[in-house]
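A.B. asks: Give me the fold of what follows.
(chains A and B)
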There are 2 protein chains.
Amino acid sequence: MSAARAVVEFVVTGDEVMRGTIADTNTAWTASRLYPLGLSLRRTVVVGDRGEDIRRALLEASSRADYCIVSGGLGPTSDDLTVECAAQAAGVGLRLDEPWLQHLRERWAARRREPMPKNNERQALLPEGAEMLGNPDGSAPAFSLRIDRCTFFFLPGVPREYQRILNDMILPRLARATGYAVLRTRVLQCYGVAESLLDELVAPIRAEHPEVRFGFRTKFPENHLSLAALALDEEGAARALAVVEAKCRDVLAPFIYGADGVTFAQSVGEQLASRGETICCAESCTGGLVAQLLTEAPGSSRWTTGAFVVYANSLKEGALGVSPEILCAHGAVSEPVARAMAEGARRASGASWAPAITGIAGPDGGTPEKPVGTVWLALAGPGPTRVKHSQYRGDRGQVRTLAAYGALQLVREALGAPPLARHFWEVGQGASPGKA
Amino acid sequence: MSAARAVVEFVVTGDEVMRGTIADTNTAWTASRLYPLGLSLRRTVVVGDRGEDIRRALLEASSRADYCIVSGGLGPTSDDLTVECAAQAAGVGLRLDEPWLQHLRERWAARRREPMPKNNERQALLPEGAEMLGNPDGSAPAFSLRIDRCTFFFLPGVPREYQRILNDMILPRLARATGYAVLRTRVLQCYGVAESLLDELVAPIRAEHPEVRFGFRTKFPENHLSLAALALDEEGAARALAVVEAKCRDVLAPFIYGADGVTFAQSVGEQLASRGETICCAESCTGGLVAQLLTEAPGSSRWTTGAFVVYANSLKEGALGVSPEILCAHGAVSEPVARAMAEGARRASGASWAPAITGIAGPDGGTPEKPVGTVWLALAGPGPTRVKHSQYRGDRGQVRTLAAYGALQLVREALGAPPLARHFWEVGQGASPGKA
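C.D. replies: Residues are numbered from 1 along each chain as shown, chains lettered A, B, ... in the order given. Coordinates of the predicted model:
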């Protein structure tokens, strides 16, 4: 397959990136989209808004790469130099694209009363010989241009516009350029499996199915597997993807919680909503994180009634009815308190399910018996209350995130998901999974 | 000052970055540190773990830049090629650094029982002529090497190790190389001011004080101003910074909430703790975000008692005593409900202050009278309850963040901060501040 041999480069322009005022997020996003196509990026170059630097970056890529994607510098202001530099690097002049100029004028008239400033007409200029690709969400049009041996795609840098154009216009062209016509992708989102084990589990499937590309992406504490099938037609791509997806779902069954962009909490919430059930969490050390994750997605009022963040013992008593005797005898981070918090939250909210979390997130507050990372989880529901002890590794933020995921995982298991073994971020599970 | 003329480049290596498995965060962080020194980055190059690509990137930089920082590829495995490639690009061999080898052995023995694998000895190899810089947090040592006209600094890519070495070892060297000996920095963190206005307000001070460099960084919905003073001695740097900082604090007074890394919520929390006061929030549309922000920082139990996340009306009634009549007459997103939520949370928690938030985060749920972005805030405290209506722009996540900040700002104002005008992300405050 020619894809493996095609050289792709990426050029990012913008003073704001070079000054650290904004972070470039297009590079990682682009890399994760190209990799499954078999088009791995060979080089990314980031330069500021200086004509000399932009022209040099384009000319270098033109002699080395088959394809080059360029992000940024297509705005209407004087520091937007990409169109000019592209024309200069190609040794051609500029032409006015009349249909786009017309489009710009209509777009402006629909939004504002005053006439469009002369300056904005610049956004209808393209290098001679360039192919107009347009932009469904903005005024800066994407375009394509051949320079030397390389086909360039120029895109606006605003991530929302950039991503839509790359997905809808550029990736299909690149897929076709590999000799195939159709690309079908699936992202299997996993929780509770380390990247190295994930890789190991799917390795035999990967070896057996070279027609599907495998990619990995870490989003702490999750790991995602992306599958991409390239084929000559829809049916071929869909069939190849279906076969490999089924095999991967088989070996990864305990870990897969969703696909193609759902969040972990959302997958739990949607499952509850489909059963007509609700959730209300009692949170101590996570400080509202579970509630936050459960309500991030639109429509979350279908499954979330609310949450009790009970940081102080007085609130554990007052809002949830945890008895002062239990708190005094066992301490706030203990099995009986987690149990009483969960049962109290279920009683107070009337929700179907009430997880509870109490632990020591650190960096202070640890003792020899209850070191930083100690977390007690409980889940009150229709049946008997479940409890779980964990000892997580990591900093304050990591312990809080792991505890929140642990609580949601208790709900998943109560709803029928296969129980997970001890999480790989828990103490006693081998070396730290962080890369040295 | 020679700093302005020094050309600095940055090279990032790593297949994981090129595949999009992990995002490169070192580039933006490095850029934001170099800019205040007058050392703006001219180019960043990202390449995978291929010797040919790494050598080419180093040789290109060596002929063009005065300084080049290289991140990654110093680990013990076979895909860590940076040391070898550096030696090859410089045309020299490798030497074993005996003190570092000894250090590696001791480090290993302190952690594990089995002897150190032979492979790890690779991390004591440096190119001949390189200067060992070491690594206080890890086994991969940083080093410096001259190739052609350029001084290279090679650093491990792990962000925690990278940042400490750049801050403690590299930035002081670069500062000295500009002709000055001492660098003093201050970051003034602002809320409620658009980047363009921030820039405009400090422009006269900037023009008057070329001895201090100004930099800007956006962290939605905050904007940060960094000041960096370079001087020949401690006293000169401290004096120059103090003069400019005082002037900036003067013009930015209503907006500055903290400096040098404190978070917005933490600054509110610390202020409360210093007064012996506490906070407990009643959150509807923010779903626990305020609690989350207030408890992110260590020690937050000194100011947070907890929070009531009351998504469902039944919980607004049950947990906070909001009357069903008010809910029915005015709807959940209304002044009377916000007021009743705040007063109910203060009563139920015994906290000194209880902010309340009820609004429509979207994308669904808006009506002509209460469009998406409508938020009612209230604050119950020792005095009369305050209320505030806002109409924010943005997507679901942005509206939630703006509402959470708005509630914390109410607390700041109650504690004596100057009241802010309408926030620039509220409807009716000019064009969208996002860059087109």
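A.B. asks: use CA for all of it now, contacts and neighbours both
C.D. replies: Fine.
A.B. asks: what sits against residue A:165?
C.D. replies: Each residue near residue A:165 by CA atoms under 8 Å, 6 or more residues apart in numbering or on different chains is listed here: A:135, A:136, A:142, A:155.
A.B. asks: Give the buried subset of the residues you listed as a ChimeraX selection command.
C.D. replies: In ChimeraX, this line selects whichever of the contacts of residue A:165 come out buried by 16 or more other CA atoms under 10 Å in any protein chain shown:
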select /A:135,142,155
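A.B. asks: Okay, and which of the contacts of residue A:165 map to helices?
C.D. replies: Secondary structure defined by DSSP state H assigns none of the contacts of residue A:165 to helices.
A.B. asks: So which of the contacts of residue A:165 is the closest to residue A:41?
C.D. replies: Taking CA to CA as the measure, residue A:41 lies nearest residue A:155 of these, at 16.7 Å.
A.B. asks: tally of neighbours for residue A:8?
C.D. replies: Neighbour count for residue A:8, taken as other CA atoms under 10 Å in any protein chain shown: 23.
A.B. asks: Would it be right to say that residue A:379 lies in a helix?
C.D. replies: No - using DSSP: H, G, I helix; E, B strand; the rest coil, the secondary structure at residue A:379 is strand, not a helix.
A.B. asks: ok, back up a step: Serialize the contacts of residue A:165 to JSON lines and add fields for pLDDT.
C.D. replies: What follows is these, written out as JSON lines (pLDDT from 0 to 100):
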{"residue": "A:135", "pLDDT": "95"}
{"residue": "A:136", "pLDDT": "93"}
{"residue": "A:142", "pLDDT": "97"}
{"residue": "A:155", "pLDDT": "97"}
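A.B. asks: For the contacts of residue A:165, which two are the farthest from each other?
C.D. replies: Farthest pair in the contacts of residue A:165 (CA to CA) is A:136 and A:155. Separation: 12.0 Å.
A.B. asks: Identify the bridge partners of the residue in the stretch 101-250 of chain A that chain B sits nearest to.
C.D. replies: Across the stretch 101-250 of chain A, the shortest distance to chain B (CA to the nearest CA) belongs to residue A:217, at 4.3 Å. The partner list for residue A:217 in beta bridges (DSSP bridges) reads residue A:224.
A.B. asks: What residues does it make contact with?
C.D. replies: A:32, A:223, A:224, A:225, A:226, B:20, B:21, B:22.
A.B. asks: Flag the least confident of those.
C.D. replies: The lowest pLDDT within these belongs to residue B:21, with 69.
A.B. asks: ok, and the closest non-adjacent residue to residue A:29?
C.D. replies: residue B:20 (6.4 Å; CA to CA, 6 or more residues apart in numbering or on different chains).
A.B. asks: swap in residue A:228?
C.D. replies: Distance criterion CA to CA, 6+ apart; nearest residue to residue A:228, sequence neighbours excluded, is residue A:185 at 4.3 Å.
A.B. asks: mind listing the strands in the stretch 1-150 of chain A by residue range?
C.D. replies: A:8-13, A:41-47, A:67-71, A:94-96, A:125-127, A:131-134, A:142-147, A:150-155 (DSSP state E, counting those that start in this stretch).
A.B. asks: Make sure the residue nearest to residue A:228 is indeed in a strand.
C.D. replies: Yes - the assignment for residue A:185 is a strand, going by three-state DSSP.
A.B. asks: and it, how many neighbours?
C.D. replies: Using other CA under 10 Å: residue A:185 sits among 20 other residues.
A.B. asks: what's near enough to touch it?
C.D. replies: For residue A:185, the contact set (CA under 8 Å, 6+ apart) comprises A:226, A:227, A:228, A:229, A:241.
A.B. asks: export those to JSON lines and tack on secondary structure?
C.D. replies: JSON lines is the format used below for these (three-state DSSP):
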{"residue": "A:226", "secondary structure": "strand"}
{"residue": "A:227", "secondary structure": "strand"}
{"residue": "A:228", "secondary structure": "strand"}
{"residue": "A:229", "secondary structure": "strand"}
{"residue": "A:241", "secondary structure": "helix"}
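A.B. asks: quick check, nearest of those to residue A:349?
C.D. replies: Once CA to CA is applied, the member of those that ends up nearest residue A:349 is residue A:226, at 39.2 Å.
A.B. asks: and that closest one, how many residues sit next to it?
C.D. replies: Under the neighbour criterion other CA under 10 Å, residue A:226 is assigned a count of 22.
A.B. asks: So which elements touch the helix or strand where residue A:172 lies?
C.D. replies: If you go by DSSP states H and E, residue A:172 is part of helix A:171-177. Packed against helix A:171-177 by the contact rule (3 or more CA pairs under 8 Å, 6 or more residues apart in numbering or on different chains; DSSP states H and E) you find strand A:182-191.
A.B. asks: quick one: is the next helix or strand after the strand it packs on near chain B?
C.D. replies: Once strand A:182-191 ends, the next helix or strand along the chain (criterion: DSSP H and E) is helix A:195-208. No - remark: helix A:195-208 sits outside contact range of chain B, by CA under 8 Å from any CA of the partner chain, the gap being at least 10.3 Å.
A.B. asks: Could you double-check that residue A:159 sits in contact with residue A:23?
C.D. replies: No - counting by CA atoms under 8 Å, residue A:159 stays clear of residue A:23, with 11.0 Å between them.
A.B. asks: Chain B contacts on the stretch 1-150 of chain A?
C.D. replies: So the stretch 1-150 of chain A meets chain B at A:17-25, A:27-35, A:40-48, A:53, A:75, A:138 (CA under 8 Å from any CA).
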